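Asker: Need coordinates for the below:
(chains A and B)
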Amino acid sequence: MIKSYKARRTVVNALIYVLLGGLGLIWVSPLVYLVMHSFRGGKAELATTIIPKEWTLDNYAKVFSPPDPNVVNFPQWFMNTFIIAIFSCIISTLAVLMVSYAFSRLRFKARKPLINVGMILGMFPGFMTMIAIYYLMKAMGLLAMPKVALIICYSAGAGLGYQISKGFFDTIPRALDEAATIDGATRNQIFWKIILPMSKPILVYTVLTSFIGPWTDFILAKIIVGAQGPEHYTVAIGLQKLVGLEYKSQHYREFLAGSVIVAVPITALFLFMQRYYVEGVTAGGVKG
Amino acid sequence: MKYIDYVQLNPFQKIWYNLKTFFIALPGNIVKICKAIGRFFKKLGLGIGKGVAGYFSRFVKGDWATKLSYIIMGFGNMMKGQIVKGLIFLATEVAFIAFMIFFGANKIYNLGFFSGGTIGFNGEDYWVDKDGVSIAISHGRPVAHVRADDSMQLLLYGVMTLIIIAVFLVIYFASVKSAYKVEQQVAAGEKPATFGQEMKAFADEKFHITLLSFPCLTISLFTIMPLIFMILIAFTNYTKSTPFFGWVGLQTFSEVFQTTGGANKGETFIELTKWTLLWAVCATVLNYILGMIVALLINKKGIKLKALWRTMFVITVAVPQFVSLLLMQQMLEGNEFGAINQLLKGLGWLASDGGTVQYIDFLGNANKWIPRLTVIVVNIWVGIPYTILITSGILMNIPADLYESATIDGAGPTRTFFSITLPYMLFVTTPYLITTFIGNINNFNVIYLLVGEQSSVDLHNAGYTDLLVTWLFRMSTSTGEYNTAAAVGILVFIVCATVSLLTFNLTKSAKNEEEFS
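Answerer: The predicted model follows:
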């Protein structure tokens, strides 16, 4: 009996290994394809075989020192995105922490109504306001400074994403606040000296998500800088241009190489913050 | 039905029973929600009434300095020794009046609520509708060339002015209240707070104001104002071809529901709504169930290399979607350059017709269901890793004795999944599921990056795979039907709000509904 049970378990586990192996292969195959073809050499820009026939580093060289910087200027796009990401990361993190602390720890008359307003605002499709934002930026003369415009776009509404860190703050015992208040601490001091030091996971989560945002955003960036010169592009817009009809037959491999360069640091950051991500989402979005 | 009867049902009967109760309870729930919204407005009205009553009673009860602060803001504060505070109020008032005289009044007038239903009359540059032809007038003379975004800018400035007025009113009422309060304090023999003390309060009792004022400012400027603006656009006739526009009431909405003529907006709206809902259900349910099964397989006892398996899936979450989806788009291309077609060709699975290979057009809009199926499958690729990330931890928390006793009772893996795992997970992750569902209704990236902008002949500027939001996006960027886009946006909002209200009502978070009362 036991023997057959063991045998059955081995068979089941073997099947599971095969299944997981197959599925895992399907899941990573596009990424493998991406990396593989970013090293593809030869004359043809587009591949007609799955495994490249020639290998080269030329694509990466072209990406780092573009032969025609007026059309494809990846280093510039990278710098643009980096600057935008740094600034919007700082502003968004502050905004998110401020709002979530206020909603989680402080009690004031407008709290419930403001939370409701936030919830209702979240239900409008985000793209609805894009055109208005475009004209707003135009009216403010910010279209001439696309970086500033994009930083504003990414960080202005950041306060609305308070739910996850509010969920985290809610789990910190209130007794700590009370003890500090008795010792004469103001709420400002409680925020900086007690709550923030205890919130490392959520801090890391917020910083990383708001830093990654500008690298992966496509829509807002397209609205703001899509019609402008290539020197203002972010990586997402630049890379998308490269696979557009106009450029695809000349720059497809640069798209692949550029994608690898963008994806590697973001993947590393993500794998690093994975734990915080799960903690954050389960604290804010799941109720046990 | 009693709980004991319910437990004995098989899973399908349970689902059927739950669906039945959901729809039986639906009218009641809708009534409940309407009542809650009614209560909300009643409360709002009462609050406003109370505020207005307080406003007048303070005027009656206050001394002459307080009475004067109703006209000259901050006067009462200054008389009672709060010089800086009073000056700040006064400066606000002066700035506001100057703004209104030199800028704002004109902009409100331009909004056209008072000028015959058209936006754009500002005394110098405007246009007239003469026998259906728009003529631009500048300084009393017709001109040929007018900037195309005039009406747009005027509407924008108008909305901005409205918001500034609202902010000013808040400050005004606060100043009146403050004048009365300081009068009361003096009357009670207390010393009014100095400016320094009041500033200190912003780090303690009023810390919420310090924290929230900056985010509130940016949100109202860059989220709420554009939203109000776009809601207003839905009631105009603004399109790319009519840069000068006026108010048309509900005409845009009636166009969205109009079903006459070929490739009309009405049929497109209905078709895309059906597809959006189908897509949202498929994307949510498939990703959830399949993701959970994979997570269970990875976490099964006796499976080694758990970290490797997990990473293989999760790494796809980390790669930016515009990279992975644009790549997928290239791989799915319906010609010899698409990797999937190359693979199928290599396997010899493609039919060939007299020497030319029949490549499968995965994303083309020639067929209705092939691209739809493709986006759902690709979305499974995108979505399963998220489910694995979220559910792994919770799956580990399901008490092991539940499984043990189920195994002893002779339940197989399928049975335990549907009778233990799924109910437990549903119980815990309902809020997550609702957010995912709403997120899928608004899932722009997967559709747009994968399919791009393709149009089908029988749809109005849309392809078969377009969701309502991508349709909205295309209308507001490519084809410039701004008013229709705004109207569709409002309708999507109504759908999302209804879905979340109804489902929240279903779950144990039902008490959240009380937040509206």
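Asker: ranges for the helices of the stretch 1-150 of chain A?
Answerer: Assigned by DSSP state H, counting those that start in this stretch, the helices in the stretch 1-150 of chain A fall at A:2-38, A:58-64, A:74-105, A:111-123, A:130-139, A:146-156.
Asker: One more: the stretch 301-450 of chain B?
Answerer: Counting by DSSP H, counting those that start in this stretch, the helices of the stretch 301-450 of chain B are B:306-318, B:321-331, B:339-347, B:369-397, B:400-408, B:413-416, B:422-441, B:444-451.
Asker: among these, which is nearest B:H460?
Answerer: For the helices of the stretch 301-450 of chain B, proximity to B:H460 was assessed by Cβ to Cβ; helix B:444-451 is nearest, at 16.8 Å. The way it works is simple: take the backbone N, C-alpha and C, and place the C-beta from them, glycine included.
Asker: what angle sits between the very next helix or strand once past that closest one and helix A:130-139?
Answerer: As assigned by DSSP states H and E, the chain's next helix or strand after helix B:444-451 is helix B:468-477. Orientation check (axes from the mean of the first three to the mean of the last three Cα atoms, to 10 degrees): helix B:468-477 against helix A:130-139 gives 40 degrees.
Asker: what angle separates helix B:468-477 from helix B:444-451?
Answerer: 70 degrees.
Asker: elements contacting helix B:468-477?
Answerer: helix A:130-139, helix B:265-299, helix B:444-451, helix B:482-506 (3 or more Cβ pairs under 8 Å, 6 or more residues apart in numbering or on different chains; DSSP states H and E).
Asker: Residues in contact with the third one: which ones?
Answerer: Residues outside helix B:444-451 that contact it (Cβ atoms under 8 Å, 6 or more residues apart in numbering or on different chains): A:127, A:218-219, B:321-322, B:325-326, B:328-329, B:332, B:363, B:371, B:374-375, B:378-379, B:382, B:463, B:465-467, B:469-470, B:473.
Asker: circling back: closest to B:G81 out of the helices of the stretch 1-150 of chain A?
Answerer: The nearest among the helices of the stretch 1-150 of chain A, by Cβ to Cβ, is helix A:74-105 at 31.1 Å.
Asker: Excluding chain neighbours, give the residue nearest to A:A149 in space.
Answerer: Distances taken as Cβ to Cβ, 6 or more residues apart in numbering or on different chains place A:L142 nearest to A:A149, at 4.2 Å, with adjacent residues excluded.
Asker: So for stretch B:343-355, what gets flagged as buried?
Answerer: By 16 or more other Cβ atoms under 10 Å in any protein chain shown, the buried positions in stretch B:343-355 come out as B:K345.
Asker: cool, and stretch B:412-432?
Answerer: B:416-421, B:424-425, B:428-432.
Asker: Now cross-check those against chain A and list the overlap.
Answerer: Residues of the buried residues of stretch B:412-432 in contact with chain A (Cβ under 8 Å from any Cβ of the partner chain): B:428-432.
Asker: on that earlier part again, Serialize the buried residues of stretch B:412-432 to a markdown table and add fields for pLDDT.
Answerer: Below are the buried residues of stretch B:412-432 laid out as a markdown table (pLDDT from 0 to 100):
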| residue | pLDDT |
| --- | --- |
| B:T416 | 85 |
| B:F417 | 84 |
| B:F418 | 82 |
| B:S419 | 81 |
| B:I420 | 83 |
| B:T421 | 83 |
| B:Y424 | 80 |
| B:M425 | 81 |
| B:V428 | 74 |
| B:T429 | 77 |
| B:T430 | 75 |
| B:P431 | 73 |
| B:Y432 | 79 |
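Asker: so B:N443 makes contact with B:A283?
Answerer: Yes - judged on Cβ atoms under 8 Å, B:N443 makes contact with B:A283 at a distance of 6.9 Å.
Asker: Overlap in contacts, the two.
Answerer: With Cβ under 8 Å, 6+ apart, B:N443 and B:A283 have common neighbours B:N379.
Asker: and B:I108, how many residues sit next to it?
Answerer: Applying other Cβ atoms under 10 Å in any protein chain shown, we find 17 residues neighbouring B:I108.
Asker: just B:V314 next, same as before
Answerer: 22.
Asker: so what's it up against?
Answerer: A:271, A:274, B:385, B:388-389.
Asker: List only buried entries from those.
Answerer: Looking at those with 16+ other Cβ under 10 Å, the buried ones turn out to be A:274, B:385, B:388-389.
Asker: Out of these, which comes closest to A:I237?
Answerer: Distances from A:I237 to these, taken by Cβ to Cβ, are shortest for B:P385, at 25.7 Å.
Asker: Just want to check the distance between the closest one and A:P30.
Answerer: With the distance defined as Cβ to Cβ, to the nearest Å, B:P385 ends up 13 Å from A:P30.
Asker: ok, A:I152 touching B:P226?
Answerer: No - judged on Cβ under 8 Å, A:I152 makes no contact with B:P226 at a distance of 12.0 Å.
Asker: Okay, now the unreliable bits of chain B?
Answerer: B:1, B:11, B:109-150, B:242-244, B:354-355, B:503-517 (pLDDT under 70).
Asker: Next, count neighbours for B:Y172.
Answerer: Neighbour tally, B:Y172, other Cβ under 10 Å: 19.
Asker: measure it to chain A for me?
Answerer: With the distance defined as Cβ to the nearest Cβ, to the nearest Å, B:Y172 ends up 17 Å from chain A.
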